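In: dropping a prediction and its sequence here:
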Amino acid sequence: SQPTPLAERSPDDLASFAAEQREAYAALKERGLKLDLTRGKPASEQLDLSNDLLTLPRGFTDASGTDTRNYGGLDGIKELREMFAELLWVEPEQLVAGGNSSLTMMKDTLVDLLLHGGVDSPRPWSQEEKVTFVCPVPGYDRHFTLLESFGIEMVTVPMNDDGPDAEAVAALVATDPSIKGMWIVPTYANPSGSVVTQEVAARLASMETAAPDFKIFWDNAYALHHLTRDEAKSADILSLAAAAGHPHRPIMFASTSKITWAGAGVAFLAASVENVKWYLGHLGKGSIGPDKVNQLRHAQFFGSAQGVRDHMVRHREIIAPKFAEVERVLTERLDGLGIATWTRPTGGYFVSLDVLDGTASRVVQLAKEAGIALTPAGSSFPLGDDPRDRNIRLAPTFPPLGQVTEAMEAVATCVLLAAAEQASGAHRA
Ligand code: PMP
């Protein structure tokens, strides 16, 4: 039998519901738990999948005979670039294999655009009166804090199931020349799990922009991170943009942070050949080459693009049950009450939970006082400001399965109490 939504209950019903929730929460606090659902990190069991890296590389020359121990090869070793070019649907000459962090590549790209301007910029972005980025929300907190650190303004658009609201983006960029770029996590977005459709990608690739040097930061951090057999294929943004006459618009990023080791993987940047030349030109002022030994051991470890796909299946087997557990607990505890909605991602690292407007920070506070660390409310919005105070990002990959269950039961208890407080007017914080 379905429960009655809180909004349809009588004041008496609500009062006893609130009393029940206060009791459940008190019992939860008694338990003195210490659990953490904050960051999207691989579990150690996932890291173990790549322990053969510790015995690699065999030898030290790459396929073209280069001694990887030495300086040079700024764009990365060829065999790894060929492997990931296939996986990311780009040409090897459009792809750079770099250091261990794609976020660093994003920061470098942004700094170069600010200090030097891009291949199609009339002047460095820092010489503009104002620089603005379009930010689909909810989104990745580090994207927003990076922009904030450079004084770049942010305007938000909704992130829908099929990607950013393309018509809203098109309307903004058409008239405001200060809008120089936008973020997109195209596949299994952080935190919504959305996948950008071919249609949305085509619209963003072809829309007219007031700025001649508009850039799409296409952060494909979860390109290969499927949670089901139904594997989403990322839209081919480089081809779409080139075909639309805007070849320099997209800059794609990816990494093996959640394929091998989050702290010792390989990151990638893909873009038009001119953009790649531009990026390497600036990079070369501060580097004589990347860690090619790490790149070589990655190439040997995977063996082929198919080797990467096979490896991702082993990740899926570890983390899919954790996502299933999040879904099970949320459904059992919250479904039908009209107090929460949540995503059912088919890939990536997150579940995005929307609670009643005005209660997300209360839920996070209640959870904290009961020993469960949740990502601060508002994190998925620029400046940490969720205008509806309703979104909470859940990251279930890192804790063992049993802890995911316990933490989610606790989250449900906090969501119920916060909703009960609001519905019965009992909470006047
Ligand atoms: N982009 C997104 C969308 C992410 O979620 C993350 C990791 N949480 C990163 C980038 C970081 O990538 P890297 O480890 O390659 O710096």
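Out: Now that the structure is in, tell me what you want to look at.

In: packing partners for the longest helix belonging to the chain?
Out: In the chain, ranked by residue count with DSSP state H as the criterion, the top helix is helix 305-334. Using 3 or more Cβ pairs under 8 Å, 6 or more residues apart in numbering; DSSP states H and E as the contact test, the elements touching helix 305-334 are helix 44-48, helix 78-88, helix 292-302, strand 340-342, strand 351-355, helix 401-424. Where you see a C-beta, it was placed from the backbone N, CA and C, and this is true even at glycine.

In: could you pull out the buried residues of that helix?
Out: Within helix 305-334, the residues that qualify as buried by neighbour count (16 or more other Cβ atoms under 10 Å) are 305, 308, 311-312, 315-316, 318-319, 322-323, 325-327, 329-330, 333-334.

In: follow-up on the earlier one: need the helices and strands packed on helix 305-334 in JSON lines (columns: mean pLDDT and distance to the ligand).
Out: Listed next are these as JSON lines, based on pLDDT from 0 to 100; distance: least, Cβ to the nearest ligand atom, whole Å:
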{"stretch": "helix 44-48", "mean pLDDT": "98", "distance to the ligand": "13"}
{"stretch": "helix 78-88", "mean pLDDT": "98", "distance to the ligand": "13"}
{"stretch": "helix 292-302", "mean pLDDT": "98", "distance to the ligand": "13"}
{"stretch": "strand 340-342", "mean pLDDT": "98", "distance to the ligand": "18"}
{"stretch": "strand 351-355", "mean pLDDT": "98", "distance to the ligand": "13"}
{"stretch": "helix 401-424", "mean pLDDT": "96", "distance to the ligand": "18"}
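
In: want to throw those into a markdown table with mean neighbour count?
Out: Shown next, in a markdown table, are the helices and strands packed on helix 305-334 (neighbours: other Cβ atoms under 10 Å):
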| stretch | mean neighbour count |
| --- | --- |
| helix 44-48 | 14 |
| helix 78-88 | 21 |
| helix 292-302 | 23 |
| strand 340-342 | 19 |
| strand 351-355 | 23 |
| helix 401-424 | 22 |
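
In: mind checking which of the ones you listed is nearest residue 214?
Out: helix 78-88 (21.6 Å; Cβ to Cβ).

In: now do the longest helix of the chain against strand 351-355, angle only.
Out: Compare the direction of helix 305-334 with that of strand 351-355 by axes from the mean of the first three to the mean of the last three Cα atoms, to 10 degrees and you get 20 degrees.

In: tell me how far helix 305-334 lies from the chain's centre.
Out: Between the centre of helix 305-334 and the centre of its chain there are 16 Å (Cα atoms, centre = their mean, to the nearest Å).

In: which elements pack onto the helix or strand containing residue 205?
Out: Taking DSSP states H and E as the criterion, the element that holds residue 205 is helix 198-206. If contacts are counted by 3+ Cβ pairs under 8 Å, 6+ apart, helix 198-206 sits against strand 163-164, helix 166-175, helix 237-243.

In: report the buried residues of it.
Out: Buried residues in helix 198-206, counting neighbours by 16+ other Cβ under 10 Å, are found at 200, 201, 202, 203, 204, 205.

In: who is residue 136 paired with across the strands?
Out: Residue 136 forms beta bridges with residue 157, as assigned by DSSP bridges.

In: could you list the domains of this structure?
Out: According to automatic domain parsing, the chain is divided into the following domains: 6-46+310-424, 62-303.

In: how about TSV for the helices and strands packed on helix 198-206, with mean neighbour count added?
Out: Compiled in TSV, these are given as follows (neighbours: other Cβ under 10 Å):
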stretch	mean neighbour count
strand 163-164	28
helix 166-175	16
helix 237-243	20
